[in-house]
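A.B. asks: quick one, structure for this:
(4 chains)
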2 protein chains.
Amino acid sequence: MNPLDATQHLARDFQTVEPCATCGSRIAGLCHKLDASALDDIAAESQSFHLAAKSTLFREGDPAGRAFSIIDGVVKLSRLLPDGKQQVVGFRFPGDVLGYGAGKTYPFDAETLTNGHFCRIERSRLDALLRLYPQMERRMLDLCLRELSNTQDQLVTVGRRSAEARVASFLLGLVEAYRQRGPLPAELPLPMTRSDIGDFLGLTLETVSRSFAAFKRQKLIAEPGQHRLRILNMDALLCLTEGESSQM
Amino acid sequence: MNPLDATQHLARDFQTVEPCATCGSRIAGLCHKLDASALDDIAAESQSFHLAAKSTLFREGDPAGRAFSIIDGVVKLSRLLPDGKQQVVGFRFPGDVLGYGAGKTYPFDAETLTNGHFCRIERSRLDALLRLYPQMERRMLDLCLRELSNTQDQLVTVGRRSAEARVASFLLGLVEAYRQRGPLPAELPLPMTRSDIGDFLGLTLETVSRSFAAFKRQKLIAEPGQHRLRILNMDALLCLTEGESSQM
DNA sequence: CGGGCTTTTGATATCCTTCAACTGTTGTGG
DNA sequence: CCACAACAGTTGAAGGATATCAAAAGCCCG
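C.D. replies: Okay, the predicted model is just below:
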C-alpha cells in the first residue's frame, strides 16, 4: 500500500476516496470496493509503470496478452483503415480499463496523449482473478456496460449530427469525463489535437478548427493557452448538440 | 423443458446444440452452458412470449425493469433525436440480449422488424441470478464485450467510410450475423427497410437505395423478392468496404 | 380496387472535404 | 540564445459526395 501522488490533479474522488491498494490511485477502476484479500491479490499480480506522452501502449493486431488500467493520463484508442484514414474509437481517462476485449488481439492502437501512469496485468491472471472474485467481475461488467453506452452515444453523434453539433458534443463529453472524476476545474486539459478530434468525430481537422473558431467568436469557449479549454456557455453548447443553431 | 419449433429457420447451431431449458431455443443466449440448477432457476423466473412485426418491446426513457432475450426474430434498436432524425444503434438477432444496460432507463427504442419470440425476465431477478451463478455473469460479460466490439466497428464504418462502403459493410455484417447463427442460406431475410438501413449507417434512404441499385447493376447482390437478399460477389463487397472501388 | 408505404430515379442544393498557403508553437542543436 | 525544422492550427477558395426535394412506380393490406 504505497500511496503515490502523481494522480492528484485529475484524480480527486471518483466514486471512492479509498486509495487503491495496487497503485495508490483514488480513482475507482477495476478495484472499486474490493475486499482486502482481493486487493492484495491484484497488487501481487499487477505492475505499475509510467509512460511519456505519445507512447504506444499496444497496437492493433498485437496478441491481447495484457490489460491496463489508467491511473493518470489520457489515452487515445484508434483504428487505422486500409486507405490510411484513422478512426478514433475513444479517449480514455483515469479509472478506465484498456485492452480487455472479446478477441485474441487488440482491436485498436492505444497511444498516450499525455505523460501517464498505468497498471498492467497479464490477461490470464486477470481472468483468474475475475473468476475468483465475483465482485470484481461485476465491476468489469459495469465498466463494459458504461463503455457500450458511451460508444452508442458516439454513434448517434457521428451518424446524425452536423459538424458543429459533433464538436459541441465532444466538448460536453469531455466535461462529463472530467466531472465524473472529480471537481470540475475552470480550465480543462485538452491534450488531443484537432486531428485527433476530427478522427473521433468523423470530420477533417480543418472542419474541427473552423468549429472551434466559430465557438470562440460566439464566446461559447476559450483557449487560454495551448491544450487548455475553458467552457463559457455550456447551455449554448447543449443547444447546438440538439440540432438548433445557438441563439443564447 | 418444452421444445418449441418456431426457431428452426434461423436458429440452427449457434455455439450450442442443447436446447435452452427456458424456451427450447438452440441459440446460445445468456443460458449458454449453464448447469441444470441454473437453467431451472431461469426457467422459473422468466416468461416466453410472442410479438408481431412492428411491435414495440420497450421505449427510450422507460424504466429499464426487464431484460429480454431474442429466441426468434429481428429487432431494431433506435434513438430519436430532438430534430426528428433517427439513429439506429443496431439490429439484434436470435441469441442476443436486450435491455440490460448501465442506466435506470432504456437508452433506445426496441422494435420488432419481424414476428418474434422472446424471453423476458425482471431485471432485479436477473441481477440476483447473475450474483448466484458466476458462469452466467461471465457469459453476460462476454456478450457485452462482443457487443462493444461490434459497436466500435460500426463507429468506424459510419465515421470514415463512403456511402457505398457503408452499405457494403452493412451487408457483410448481416451475412456475419446469420453465419454465426447457423448454416448460411443462399437467400438471406432482409427485414429492414432502406430507411432503417440509412438510419443505421448515417445515410438517407435515397442514398441507400442508390447503392443497392449500383450493387445490383454490378451483379454483387440480387433481391429475388421483397425482403430477400442474395449475395453474388462477397469478395467485391469486401473490397468496397476497404475503400477501393470494386474492380472484380 | 384504393390508400398507404416503400422504393426508385432525377434535378438541385449544401455542407463538408480537399487543396493550398500562411501563421504560430515547440523542441533541438549549433 | 538563436536559427531552424517539424508539427499544430488557421483561413480561404473550389469541388464533390451526399442531402434534399420532387415525382412516379411498385407492392401490400384491407
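A.B. asks: ok, the residue most central in space within chain A to residue A:78 distance?
C.D. replies: With distances taken as CA atoms, centre = their mean, residue A:92 lies nearest the centre of chain A, 1.6 Å away. Distance, residue A:92 to residue A:78, by CB to CB, to the nearest Å: 11 Å. Backbone N, C-alpha and C define where each C-beta goes, glycine included.
A.B. asks: circling back to that earlier point, find the nearest non-adjacent residue to the residue nearest to the centre of chain A, please.
C.D. replies: residue A:75 (4.4 Å; CB to CB, 6 or more residues apart in numbering or on different chains).
A.B. asks: wait, the one you found touches residue A:113, no?
C.D. replies: Yes: taking CB atoms under 8 Å as the definition, residue A:75 is a contact partner of residue A:113 at 6.8 Å.
A.B. asks: identify the contacts common to those two.
C.D. replies: residue A:91 (CB atoms under 8 Å, 6 or more residues apart in numbering or on different chains).
A.B. asks: which of the two has more residues huddled nearby?
C.D. replies: Higher neighbour count among residue A:75 and residue A:113: residue A:75, with 25 against 21, using other CB atoms under 10 Å in any protein chain shown.
A.B. asks: okay, and the beta partners of the more buried one?
C.D. replies: Counting by DSSP bridges, residue A:75 forms beta bridges with residue A:92, residue A:112.
A.B. asks: can you name the residues that contact it?
C.D. replies: Listed by CB under 8 Å, 6+ apart, the contact partners of residue A:75 are A:57, A:91, A:92, A:93, A:96, A:98, A:110, A:111, A:112, A:113, A:116.
A.B. asks: list the buried residues of the longest helix anywhere in chain A.
C.D. replies: As assigned by DSSP state H, the longest helix anywhere in chain A is helix A:134-160. Applying a neighbour-count criterion of 16 or more other CB atoms under 10 Å in any protein chain shown, one finds A:134, A:136-141, A:143-145, A:147-160 buried in helix A:134-160.
A.B. asks: and what of stretch A:118-128?
C.D. replies: Quick answer for stretch A:118-128 (16+ other CB under 10 Å): A:118, A:119, A:120, A:121, A:123, A:125, A:126.
A.B. asks: surely the fifth one meets residue A:98?
C.D. replies: No: look at residue A:123 against residue A:98 with CB under 8 Å: they stay out of range, at 11.7 Å.
A.B. asks: overlap in contacts, these two.
C.D. replies: residue A:67.
A.B. asks: what about stretch A:215-234, average pLDDT?
C.D. replies: The average pLDDT within stretch A:215-234 is 96.
A.B. asks: what inclination does the helix or strand of chain A with the lowest mean pLDDT have with respect to helix A:134-160?
C.D. replies: Least confident helix or strand, chain A: helix A:36-45 with a mean of 85, by mean pLDDT, DSSP states H and E. Relative orientation of helix A:36-45 versus helix A:134-160 (axes from the mean of the first three to the mean of the last three CA atoms, to 10 degrees): 70 degrees.
A.B. asks: in terms of secondary structure, what does helix A:36-45 contact?
C.D. replies: On a contact count with 3 or more CB pairs under 8 Å, 6 or more residues apart in numbering or on different chains; DSSP states H and E, helix A:36-45 meets strand A:116-122, helix A:123-132.
A.B. asks: isn't there a strand covering residue A:67?
C.D. replies: Yes: assessed with DSSP: H, G, I helix; E, B strand; the rest coil, residue A:67 lies in a strand.
A.B. asks: contacts only, for the closest residue to residue A:166 other than its chain neighbours.
C.D. replies: Closest residue to residue A:166 apart from its sequence neighbours, by CB to CB, 6+ apart: residue A:201 at 4.3 Å. By CB under 8 Å, 6+ apart, the residues touching residue A:201 are A:157, A:158, A:163, A:166, A:167, A:169, A:170, A:208, B:159.
A.B. asks: go ahead and confirm the residue nearest to the centre of chain A touches residue A:98.
C.D. replies: Yes: if you go by CB under 8 Å, residue A:92 and residue A:98 touch, sitting 6.0 Å apart.
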